[in-house]
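> pasted the sequence and its predicted model underneath.
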Amino acid sequence: FSPTDVTVIFVLGGPGAGKGTQCARLVSDYGFTHLSAGDLLRAEQDRPGSQYGQLIKDYIKNGAIVPMEVTIALLENAMRDTLSATKTNGKGRFLIDGFPRKMDQAVKFEEVVCPAKMVLFYDCPEQEMEKRLLERGKTSGRADDNAESIRKRFRTFVETSMPVVDYFEKQGKVVKVDSTPGPEKVYEETRERLRRVFGD
Ligand code: UP5
Ligand code: MG
């Protein structure tokens, strides 16, 4: 993928920080294509005949990071599909949500796919994220929206994923938004910050 054709924004933040919620809004206002690594993994897990189904299931339940080859291949395929399907002359703007969340993924993706233009980081206290996830768990059917998996997800986030945010921070690519307030307020702040990068 050539960076002249493809713009990538990584959307990071802890479990339940509101990445998916904010991405959905950005899609309607900016025409981004939203690719959630977690959603792609869950779809692959459920795809009949997938050789990775059981592996993905085990990793997700334990809040662990699926080996990067699997996730990067899913993202690359989804990007390729988007670029060939839309009438955009092979150009596209992607919000990559929930990825990269481990250093090896960050380095590999930028090497083989494309460097990110910026990183949108949603910052939220654990207590608030836990409340949201437990509430969602009542109806989401997600195998990892339970107290035990949530605890493991938080641990992975702090130990494995925050170093990725720090890595991009050192490159001056991180735009940090406090996602503790309600979704409306968080979106306002997001737009304000993006305006400085993309104009209006
Ligand atoms: N909500 C959202 N915003 C709110 C707000 N401002 N105020 C109040 N409530 C708010 O939101 C979560 C819940 O909170 C919803 O009910 C929402 O209404 C409410 P959501 O927008 O879904 O938050 P998000 O940050 O997207 O939370 P999600 O649960 O998706 O985060 P995770 O990062 O944990 O999940 P993901 O799907 O990205 O990954 C799941 C697992 O997949 C990982 O744990 C890992 O095992 C695996 N994975 C990999 O292995 N590799 C990858 O690269 C990616 C994932
Ligand atoms: Mg999500």
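Received it, and whenever you're ready, just let me know what you need. Ligands and ions are numbered 1, 2, ... in the order given.

> might one say that Val177 is in contact with Glu189?
Yes. Using C-beta atoms under 8 Å, Val177 makes contact with Glu189 at a distance of 5.1 Å. (Each C-beta comes from the backbone N, C-alpha and C, glycine too.)

> same drill for these two, tell me which one is more crowded.
Val177 (23 against 17; other C-beta atoms under 10 Å).

> which other helices and strands does whichever strand or helix holds that one contact?
Secondary structure assignment for Val177, by DSSP states H and E: strand 174-178. Helices and strands touching strand 174-178, as assessed by 3 or more C-beta pairs under 8 Å, 6 or more residues apart in numbering; DSSP states H and E, comprise strand 118-123, helix 183-198.

> okay, buried residues for the last one please.
The reference is to helix 183-198. For helix 183-198, the neighbour count (16 or more other C-beta atoms under 10 Å) marks 186-187, 189-191, 194 as buried.

> what angle do it and strand 118-123 make?
Going by axes from the mean of the first three to the mean of the last three C-alpha atoms, to 10 degrees, helix 183-198 is angled at 160 degrees with respect to strand 118-123.

> which strands and helices sit next to helix 183-198?
Using 3+ C-beta pairs under 8 Å, 6+ apart, helix 183-198 is in contact with helix 19-30, strand 118-123, strand 174-178.

> alright, I will stop here.
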